[in-house]
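Enquirer: A predicted structure for the sequence below; I have some questions about it.
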Amino acid sequence: MTQPNLGMLKRIAAQLRKEDIQALTTAGSGHPGGSLSIIDVLTVLYFGKILHYDPCDSHWEDRDRLVLSKGHTCPGLYCALAYANFFPKEELATLRKFGSRLQGHTDLNLKTPGVETCGGPLGQGLSVGLGMAIGLKINGKKSRVYTIIGDGESAKGGITEAAKCAGVMKMNNMITFLDYNKVDQDGAVKDVLPCRFEEEWQSYGWKTFRVDGRDVQQIYHAIQSAQALQEKESIPVLIVLDTIKGAGISFMAAAAEKGDSTWHGVTPKGDDAKNALAECDALLAKLAAEFPGSMDAYLQSAQWTPADKHAYTVPHQEKINAAPAIIPFEQPAATRDALGKYIVALGKTDSRIVTVTAGVAGSVKFEDFAKQFGTFSATNRSGRFVQVGIAEANMAGVAAGLGLVGKKPWMATFDIFVKECLGVIRNSICYADADVKIIGTHAGLGVEWDGGSHQSTIVPGIMADLFRMESYEPADCNETQRLMKLMYEQNKAAYFRLTRQKLPVYSSSSYHYGTGARMVKDVVKNAAHGVPSVVLLGSAAGLDLAMSAAVLLEKENISVRVIDVYSLSHLNTDAFRKLIPADVLLATVHDAHHKLLAREVAYSLAQIGQGNKIISFGMQEFGETGSLADLYKKHGMDVESIVKKVKENL
């Protein structure tokens, strides 16, 4: 590759710094220090013909991806994108304005051209980038993933999990930049971190370089060296950028040199703004004299030509057929068993299906998928099962990244561990609107002997309350598959809570799923006006308990309606409310915190002013080691306790 005009890159970097200061000053809020310290690397990436992109086709499948993990420094990225013609330069003046595409942190929701991920919470970008890199490898692409992380951010567990995983997988399509700008929001980074970045990352299996992050020539040559190395050796590369917060603005950099974090999240105002812009203008004039020529002409020449784009494109065609029919279950089985069988069937009909887990493949029934489609590794780049080890946050980030490059990932762990990656699920999956399916197996007290630490209580409530997340708790294996099929056909995030214990089959092959609940039993003999005396609402394992209780209640001439609640996130509908007669006793049964299902039912009915009495059965406290029978009895949710309490409340 012909070396770019390094003098012109210096001029562009100076221009981007000026634009950065102007945009932040106009916005009146933001993060100048960290955005200024990454200007030089952004300049090299976008205008040194490193990053393959097409501003006229920002979703070009074979483009390189830039993941800005330190999303608060997005003003610098926006400036680079504007000068790379992704959107008009005038739009920079809308930074942080209501309705602007240039949000306060990188954001996919407003379709900002050139933005690849949702930033914000630190520590997520590297695992998302790893997921992208894995997806690109599976598809045989030449594309690379470049990630920018912060020095303070590098302390996050998610960064460490992803770095170790990428090293083991020998991801030679990953180049990561660590912006060592010395200061975080509270002061000097060296006061809280050892800052031995090269030593640390080398131990993870990365090649490392360290350069002056304010020198475009050093940055360019480091990237060239990294790329050349990766052509010969399968290894990810870390480039430590020795920078300073506020780089290029003397008074900001001077403060950072003293460990002063003033300019982390405060924009320059008044004389400070004038002085910063004056410094930029003076440097621009000096560089223009030193490196004459048209900047606009150079910016145009830095774009990739159609021939370049064609040469970088690797054709890839996914195999996509109609979703398979369910595999009938006639005998009791754990709902996780249905997951294991149907995910293989889905994988055979759609090559986009990939699975991800965190060290529990056998328990979540992904082993057959791994055998059928191979495990992704340093020696198998086409494997569609991804094992990240005991690292749930990385699992979620990898799944998000896979989804963002067009795969359809299903990630699974024990239900209790889903909350370990909640931050990633919220920001990099739900907020990013990524098509990721999340499986929590071994739900509730059904874990039995593993004890209270593993018996999930609140996870289904949390997941049901997430925006853009569908939440499902199927009651048997056939229902599990139908709901999997339903959500496979929708490009959105979904959560499935599955059991370790066997559940009997109650589902009907003709029922149309999608309303959140369905009536499975309605015995109204001896009932006035055809209205039951009590409505039992069971979710997942709770349905079996409700059905068994209904049998005993019927023997005492108590009319019962039983409803299978398979989705907490779909109860606020007229279709559900029509199943609930007014002034009838309701009893909810849920192998989770006893309030969760009752709360959702009450909320739905309250929308029409209906206030049925509700008694709730479920976990009253954290669990403990024991048999399911003993645990249900202790928590008052065994069949006999349900019958007794219902009779007391009629």
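Expert: Yep, that arrived.

Enquirer: Find the helix or strand that L543 is a member of.
Expert: If you go by DSSP states H and E, L543 is part of helix 541-555.

Enquirer: Would you mind getting the angle between whichever helix or strand comes after that helix and helix 541-555?
Expert: Remark: after helix 541-555, the chain's next helix or strand is strand 560-565, criterion DSSP H and E. Strand 560-565 runs at 170 degrees relative to helix 541-555, counting by axes from the mean of the first three to the mean of the last three C-alpha atoms, to 10 degrees.

Enquirer: Which other helices and strands does the helix or strand following strand 560-565 contact?
Expert: Downstream of strand 560-565, the next assigned helix or strand under DSSP H and E is helix 574-577. On a contact count with 3 or more C-beta pairs under 8 Å, 6 or more residues apart in numbering; DSSP states H and E, helix 574-577 meets helix 595-606. The way it works is simple: take the backbone N, C-alpha and C, and place the C-beta from them, glycine included.

Enquirer: what separates the helix holding L543 from the chain centre, distance-wise?
Expert: Counting by C-alpha atoms, centre = their mean, to the nearest Å, helix 541-555 is centred 39 Å from the centre of its parent chain.

Enquirer: Kindly report the same for stretch 434-441.
Expert: On C-alpha atoms, centre = their mean, the centre of stretch 434-441 falls 10 Å from the chain's centre.

Enquirer: measure the nearest residue to S548 once chain neighbours are set aside to D271 for me?
Expert: Computed as C-beta to C-beta, 6 or more residues apart in numbering, the closest residue to S548 that is not its neighbour in sequence is V639, at 4.6 Å. Counting by C-beta to C-beta, to the nearest Å, the separation of V639 from D271 is 76 Å.

Enquirer: Also S203?
Expert: 47 Å.

Enquirer: got a list of contacts for the helix holding L543?
Expert: 443-444, 446, 475, 499, 501, 503-504, 506, 520-521, 523, 534, 536-538, 560, 562, 564-565, 587-591, 597, 617-618, 632, 637-639, 642-643, 646-647 (C-beta atoms under 8 Å, 6 or more residues apart in numbering).

Enquirer: Alpha carbons of that helix, as PDB, please.
Expert: Output in PDB follows, covering the C-alpha atoms of helix 541-555 (Å, rounded to 0.1, in the frame of the first residue of the first chain):
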ATOM      1  CA  ALA A 541     -43.500 -25.400  36.000                       C
ATOM      2  CA  GLY A 542     -46.200 -23.500  37.700                       C
ATOM      3  CA  LEU A 543     -48.700 -24.700  35.100                       C
ATOM      4  CA  ASP A 544     -48.300 -28.400  36.200                       C
ATOM      5  CA  LEU A 545     -48.800 -27.400  39.800                       C
ATOM      6  CA  ALA A 546     -51.900 -25.400  38.800                       C
ATOM      7  CA  MET A 547     -53.300 -28.300  36.800                       C
ATOM      8  CA  SER A 548     -52.800 -30.800  39.600                       C
ATOM      9  CA  ALA A 549     -54.400 -28.400  42.100                       C
ATOM     10  CA  ALA A 550     -57.400 -28.000  39.700                       C
ATOM     11  CA  VAL A 551     -58.000 -31.800  39.700                       C
ATOM     12  CA  LEU A 552     -58.300 -31.700  43.500                       C
ATOM     13  CA  LEU A 553     -60.500 -28.600  43.600                       C
ATOM     14  CA  GLU A 554     -62.900 -30.100  41.000                       C
ATOM     15  CA  LYS A 555     -63.300 -33.100  43.300                       C
END
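
Enquirer: what's the average pLDDT for that helix?
Expert: Computed over helix 541-555, the mean pLDDT rounds to 97.

Enquirer: how about that helix: buried residues?
Expert: Judged by neighbour count using 16 or more other C-beta atoms under 10 Å, the buried positions of helix 541-555 are A541, G542, L543, D544, L545, A546, M547, S548, A549, A550, L552, L553.

Enquirer: For the helix or strand of the chain with the lowest mean pLDDT, what is the distance to the chain centroid?
Expert: Least confident helix or strand, the chain: strand 517-523 with a mean of 86, by mean pLDDT, DSSP states H and E. In terms of C-alpha atoms, centre = their mean, the centre of strand 517-523 is set 36 Å apart from its chain centre.

Enquirer: and the angle from that strand to helix 595-606?
Expert: Going by the same axes, to 10 degrees, strand 517-523 makes 90 degrees with helix 595-606.

Enquirer: Note down every partner strand of strand 517-523 and its orientation.
Expert: With DSSP bridges as the test, strand 517-523 is paired with strand 560-565 (antiparallel).

Enquirer: How about residues contacting the partner strand?
Expert: Residues contacting strand 560-565 (C-beta under 8 Å, 6+ apart): 473, 475, 479, 506-507, 516-524, 532-539, 542-543, 546-547, 550, 553-554, 571, 579, 588, 597, 601.

Enquirer: Can you select the buried ones among those for me in ChimeraX?
Expert: In ChimeraX, selecting the buried portion of those, with burial taken from 16+ other C-beta under 10 Å, looks like this:
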select :473,475,479,506,507,516,517,518,520,521,522,523,532,533,534,535,536,537,538,539,542,543,546,547,550,553,571,579,588,597,601
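
Enquirer: Keeping just the C-alphas, turn the helix or strand where F617 lies into CSV.
Expert: Element membership of F617, judged by DSSP H and E, is strand 614-619. Written as CSV, here are the backbone C-alpha positions of strand 614-619 (Å, rounded to 0.1, in the frame of the first residue of the first chain):
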residue,chain,number,x,y,z
ILE,A,614,-55.1,-12.3,43.8
ILE,A,615,-53.2,-14.9,45.9
SER,A,616,-49.7,-15.7,44.8
PHE,A,617,-47.7,-18.9,45.0
GLY,A,618,-44.0,-18.9,44.4
MET,A,619,-40.7,-18.4,46.2
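
Enquirer: tell me the domain ranges of the chain?
Expert: Using automatic domain parsing, the domain parsing of the chain gives 6-312, 333-503, 517-649.

Enquirer: With distance to I327 added, can I get those in CSV?
Expert: Output for the domains of the chain, formatted as CSV (distance: least, C-beta to C-beta, whole Å):
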stretch, distance to I327
domain 6-312, 26
domain 333-503, 5
domain 517-649, 18
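
Enquirer: about what we covered before: nearest to A188, out of the buried residues of helix 541-555: which one, please.
Expert: Using C-beta to C-beta, A541 is the member of those that sits closest to A188, with 52.7 Å.

Enquirer: separation between the closest one and G30?
Expert: Taken as C-beta to C-beta, the span from A541 to G30 is 49 Å.

Enquirer: follow-up on the earlier one: counting neighbours, go ahead and name the busier of S203 and D271.
Expert: S203 (12 against 9; other C-beta atoms under 10 Å).

Enquirer: just to revisit the earlier point, and the buried residues of helix 541-555, which is closest to N612?
Expert: Taking the buried residues of helix 541-555 together and measuring to N612 by C-beta to C-beta, the closest member is A546, at 16.0 Å.

Enquirer: Which pLDDT value belongs to the closest residue to that closest one other than its chain neighbours?
Expert: Spatially, and ignoring its direct neighbours in sequence, A546 is nearest to G538 (3.4 Å; C-beta to C-beta, 6+ apart). On the pLDDT scale, G538 is placed at 98.

Enquirer: Isn't G538 up against H590?
Expert: Yes: at 7.4 Å, G538 and H590 qualify as touching, with contact defined as C-beta atoms under 8 Å.
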